[in-house]
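Novice: Predicted model, plus sequence, below.
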Amino acid sequence: MNPFEILAVDSKSRARRGRLLTSHGPVETPVFMPVGTQATIKALSPDEVHALGARIILGNTYHLSLRPGAQRIARLGGLHAFMAWPGAILTDSGGFQVFSLATIRTIDEDGVTFQSHIDGSRHRITPESCIEIQELLGSDIAMCFDECTPYPVTRDYAKASMERTVRWARRCRNAHTREDQLLFAIVQGGVFPDLRRACVEALTAMDFPGYAVGSLAVGEPKEVMLDVLETVVPDLPHDKPRYLMGVGMPEDLVEGVWRGIDMFDCVVPTRNARNGMVFTSRGALQIKHSRYADDPEPIEAACTCYTCRTFSRAYLRHLFMAKELLVYRLLSLHNLHYFLTLMESIRDAVMRGSFEEFRRQFYARRCVEEP
Ligand SMILES: CCCSCc1cc(N)cc2c(=O)[nH]c(N)nc12
Ligand SMILES: [Zn+2]
C-alpha cells in the first residue's frame, strides 16, 4: 500500500498537495523539515517545535553514530524516545556529512573510511552499516547511502559517482528489514541531464517509496539548481514523494514546490537565527543593525509567534549584542514559525488552486532594501 496520497495537483505548475503516512503520524506536504542533527533542534525543546506545527524533523546518521552511538540510542529506546520527539523523524544517511565534515576520507566500492571530525578516530561506513544504524535509531524515513558530489565536478566523475550511488542503493534496499521504516533513494548525477535521467531510471526500477534529489544546494548558482529540477522531477514517479535535500531559503521553497517538490530540509531558520538573521514576509533582516536600536516594533507586526507577540526589535537587538542566550531561542522560534507558516500557506494555496497567485504575492511583498 502506497503511504503517500496526492490530494490536489496545481493546474498552472507541478505543485502537489499530499499526505505521507508514517509510523509516527501523517505528514502534510509540501513540508519543511527542521534539522535536528544531534538529536535536538538547536535551542528549542521538542514541545516548542511541535507547538510550532512541525510534524517531521531530521536526524543525522553520521553525527549520531559518532556520538552518542546508535547502539546506545537503541538501548535507550530509539531516537524518538531519546529526544522525546512525538512526531516523525527522517534520518539522512551520512553521505553528505562524510563528504563535507569528515577529515581524511577514502572512498572505495565497498564504502567510505573517514576520520571523525570530533576526535579524529577512524571509522568506516558502508551501505549495510548505514542501514543498520538507521534501523537502530528507528527513524520513520531512512535514506540510502550515497555520494554527494560537490559543484562543479567533471562529467566523468559525476558519472562514476552516480553509478556507484545506484549500486549502493541496491545494497541498501537488500539490507533494509524494518517494516515500520520507509527507505528513500537519492538521485545523483551532478548537473548533467543524461546522468540524472539514467539515475532516476535505475532507482525507480528498484521501486522505492520516495525519492530525494541530491547534490543540490552545494554551492551551485540558483538557476543551475532550478534547471536540474526541471530535468529530474518530471522523470520521477508521480505518486511518490520527492525530497529536495538541503533546501533552502523561503524563495527556494516556493520555487521547489512550483517545480513539483514535496519535502524540504534546511538548517537556515535555526542557523541564521543564531547569526541574527530573521525572516519576514518582506525579506530577511539583520537584528544587529543599528537602525533597530530604538525600534519598538516586533520583528513582523503580523507574525503571531511568541517572540513577535512579546518583544521589540530594540530588545532583541540588545540581547544579540550582549550575546544573551535567550536571543538564540527567541530568533529560532520566530524563524521556524516563519518557515512552517509559509509551508502551511503554500499547502492551503495548492489545495485551493491559487498557488500561482500566492507565488505572485510572495514576491510582490518582498522589498528590495532591508524591511
Ligand atoms: C541533516 C542533513 C540532511 S540533508 C543533507 C544533504 C544536503 C544536500 N544539499 C545534498 C545531500 C546529498 O546529496 N546526499 C545526502 N545524503 N544528503 C544531502
Ligand atoms: Zn514572529
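Specialist: Structure received. Ligands and ions are numbered 1, 2, ... in the order given.

Novice: Give me the distance between Trp170 and Leu203.
Specialist: Rather than Trp, residue 170 is Arg. Distance of Arg170 to Leu203, given as C-beta to C-beta, to the nearest Å: 9 Å. Backbone N, C-alpha and C define where each C-beta goes, glycine included.

Novice: what does Met225 give?
Specialist: If you go by C-beta to C-beta, the gap between Met225 and Leu203 works out to 20 Å.

Novice: which one of those two has more residues nearby?
Specialist: The neighbour comparison of Met225 against Leu203 (other C-beta atoms under 10 Å) goes to Leu203, with 25 against 22.

Novice: where does the more buried one land on pLDDT?
Specialist: pLDDT recorded at Leu203 is 99.

Novice: which residue ranges form the helices in the stretch 1-150 of the chain?
Specialist: Along the stretch 1-150 of the chain, counting by DSSP state H, counting those that start in this stretch, helices occupy 46-51, 61-66, 70-75, 79-83, 95-100, 127-137.

Novice: which stretch in those has the least confidence?
Specialist: Per-stretch mean pLDDT for the helices of the stretch 1-150 of the chain is lowest at helix 95-100 (a mean of 84).

Novice: packing partners for that one?
Specialist: Applying 3 or more C-beta pairs under 8 Å, 6 or more residues apart in numbering; DSSP states H and E, one finds that helix 95-100 contacts helix 61-66.

Novice: Tell me which residues are up against the helix it packs on.
Specialist: 37-39, 70, 73, 79, 91-94, 96-98, 101-102, 116, 118, 123, 125, 130, 133-134, 137, 143 (C-beta atoms under 8 Å, 6 or more residues apart in numbering).

Novice: just stretch 333-347 next, same as before
Specialist: For stretch 333-347, using C-beta under 8 Å, 6+ apart, the contacting residues are 15, 17, 28-32, 34, 41, 44, 48-49, 52-54, 250, 253-254, 257, 264, 268-270, 272-273, 278-280, 299-300, 303-308, 355, 358.

Novice: ok, longest helix in this structure?
Specialist: The residue-count maximum for a helix in the chain (DSSP state H) belongs to helix 325-352.

Novice: Show me which residues of that one are buried.
Specialist: Going by neighbour count (16 or more other C-beta atoms under 10 Å), the buried part of helix 325-352 is 327-343, 346-347, 349-350.

Novice: Looking at it now, give me its mean pLDDT.
Specialist: Mean predicted confidence for helix 325-352 is 98.

Novice: Buried ones in the very next helix or strand once past it, by neighbour count?
Specialist: On the C-terminal side of helix 325-352, the closest following helix or strand by DSSP states H and E is helix 355-365. For helix 355-365, burial by neighbour count (16+ other C-beta under 10 Å) applies to 355, 358-359, 362.

Novice: on that earlier part again, so which of the helices of the stretch 1-150 of the chain comes closest to His24?
Specialist: helix 79-83 (6.6 Å; C-beta to C-beta).

Novice: Now do that closest one: distance to the chain's middle.
Specialist: Offset of helix 79-83 from its chain centre (C-alpha atoms, centre = their mean, to the nearest Å): 19 Å.

Novice: what comes up buried for it?
Specialist: So helix 79-83, judged by 16+ other C-beta under 10 Å, has buried residues 79-80, 82-83.

Novice: What helices and strands are in contact with that helix?
Specialist: Using 3+ C-beta pairs under 8 Å, 6+ apart, helix 79-83 is in contact with strand 88-92.

Novice: near ligand 1 at all, the strand it packs on?
Specialist: Yes: using C-beta under 6 Å from any ligand atom, strand 88-92 reaches ligand 1 at Asp92.

Novice: hmm, back to that, tabulate the buried residues of helix 355-365 (a markdown table), appending distance to Leu244.
Specialist: Shown next, in a markdown table, are those (distance: C-beta to C-beta, whole Å):
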| residue | distance to Leu244 |
| --- | --- |
| Phe355 | 17 |
| Phe358 | 19 |
| Arg359 | 17 |
| Phe362 | 18 |
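
Novice: Out of those, which comes closest to ligand 2?
Specialist: Nearest to ligand 2 among the buried residues of helix 355-365 is Phe362, at 17.4 Å by C-beta to the ion.

Novice: Serialize the helices of the stretch 1-150 of the chain to CSV and add fields for distance to Thr149.
Specialist: What follows is the helices of the stretch 1-150 of the chain, written out as CSV (distance: least, C-beta to C-beta, whole Å):
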stretch, distance to Thr149
helix 46-51, 32
helix 61-66, 17
helix 70-75, 26
helix 79-83, 28
helix 95-100, 8
helix 127-137, 17
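
Novice: want to throw these into a markdown table with distance to ligand 2?
Specialist: A markdown table is the format used below for the helices of the stretch 1-150 of the chain (distance: least, C-beta to the ion, whole Å):
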| stretch | distance to ligand 2 |
| --- | --- |
| helix 46-51 | 13 |
| helix 61-66 | 29 |
| helix 70-75 | 33 |
| helix 79-83 | 25 |
| helix 95-100 | 30 |
| helix 127-137 | 32 |
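
Novice: Quick one, which of the ones you listed gets closest to ligand 1.
Specialist: Minimum separation from ligand 1 across those (C-beta to the nearest ligand atom) falls at helix 95-100, 3.2 Å.

Novice: Skipping adjacent residues, who's closest to Trp258 in space?
Specialist: Among residues not flanking Trp258 along the chain, Ser13 sits closest, at 4.6 Å (C-beta to C-beta, 6 or more residues apart in numbering).

Novice: Tell me if I'm right that that neighbour and Phe358 touch.
Specialist: No: the pair Ser13 and Phe358 does not pass the contact test of C-beta atoms under 8 Å, sitting 10.6 Å apart.
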